[in-house]
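Enquirer: Model the structure of this input:
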Amino acid sequence: MSDGFERLFSAEYQRVVSIANRVLRDQAEAEDVAQEVFLQFSRKHSPLADYAPAWLHRAATHAALNQIRGRKRRESRELQNHAGPPEAAPGPDELVERSEDRRMVREALARMPKRSAAVLALRSSGLTYAETAAALGVGVGQVGTMLRRAEARLLKEVQE
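Expert: I've put the predicted structure just below:
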């Protein structure tokens, strides 16, 4: 591993995991996504590229969203084959309700256009407007509009 890649990895790994975890809500899965994102980046790009952080953030968002979409397809196939996922042990009502709300949001994000889901995931992961704009390849002035539209779309998706 080159020194440049090690520095990039050290500087961005936690943020990439955080972005993926914000979407997936599963630390282990988020770490797997982050490793895959860094591996993909290292195969095709220079660690010294000025676009590296933005590329990694965007790739983490898309990879995590793809993970949700893939999970959704697997669950659908399992239901069709009558081999549904194992039942979770019920917990307190409040935890169940929160878990259901999160599931509905993740499913709604998976149904949304990638760019809308990405802007929501990036901002909720703590990225600034400038960092979000760089990750999405848009101007900083567009982020607010994109965010408002994405939030409206998410609300509509969750209510359906």
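Enquirer: in stretch 117-134, what's buried?
Expert: Residues of stretch 117-134 classed as buried by neighbour count (16 or more other CB atoms under 10 Å): 117-123, 125, 127, 129, 131-134. The way it works is simple: take the backbone N, C-alpha and C, and place the C-beta from them, glycine included.
Enquirer: List the contacts of it.
Expert: Applying CB atoms under 8 Å, 6 or more residues apart in numbering, the set of residues contacting stretch 117-134 from outside is 15, 18-19, 22-23, 51, 53-54, 57-58, 61-62, 64-65, 109-110, 135-136, 139-140, 142-144, 146-147, 150-151, 154.
Enquirer: among those, which are in strands?
Expert: Among the contacts of stretch 117-134, no residue falls in strands (DSSP state E).
Enquirer: Which of the residues you listed fall in helices?
Expert: Among the contacts of stretch 117-134, the ones falling in helices (DSSP state H) are 15, 18-19, 22-23, 53-54, 57-58, 61-62, 64-65, 109-110, 135-136, 140, 142-144, 146-147, 150-151, 154.
Enquirer: Buried only: go through those for me.
Expert: Judged by neighbour count, with buriedness set by 16+ other CB under 10 Å, the buried members of those are 15, 18-19, 22-23, 53-54, 57-58, 61-62, 64-65, 109-110, 135-136, 143, 146-147, 150, 154.
Enquirer: what stretches of the chain score poorly on pLDDT?
Expert: Across the chain, residues meeting the criterion (pLDDT under 70) sit at 1, 78, 81-92, 95.
Enquirer: how about 50 then?
Expert: Flagging of the chain using pLDDT under 50 yields the residue ranges 83-84, 90.
Enquirer: what's the helix or strand for E157?
Expert: helix 140-159 (DSSP states H and E).
Enquirer: roughly how far is that helix from the heart of the chain?
Expert: For helix 140-159, the separation from the chain centroid amounts to 16 Å (computed by CA atoms, centre = their mean, to the nearest Å).
Enquirer: what does stretch 129-139 give?
Expert: On the basis of CA atoms, centre = their mean, stretch 129-139 sits 15 Å off its chain's mean C-alpha point.
Enquirer: for stretch 13-33, same thing?
Expert: Relative to the centre of its chain, stretch 13-33 is centred 8 Å away, using CA atoms, centre = their mean.
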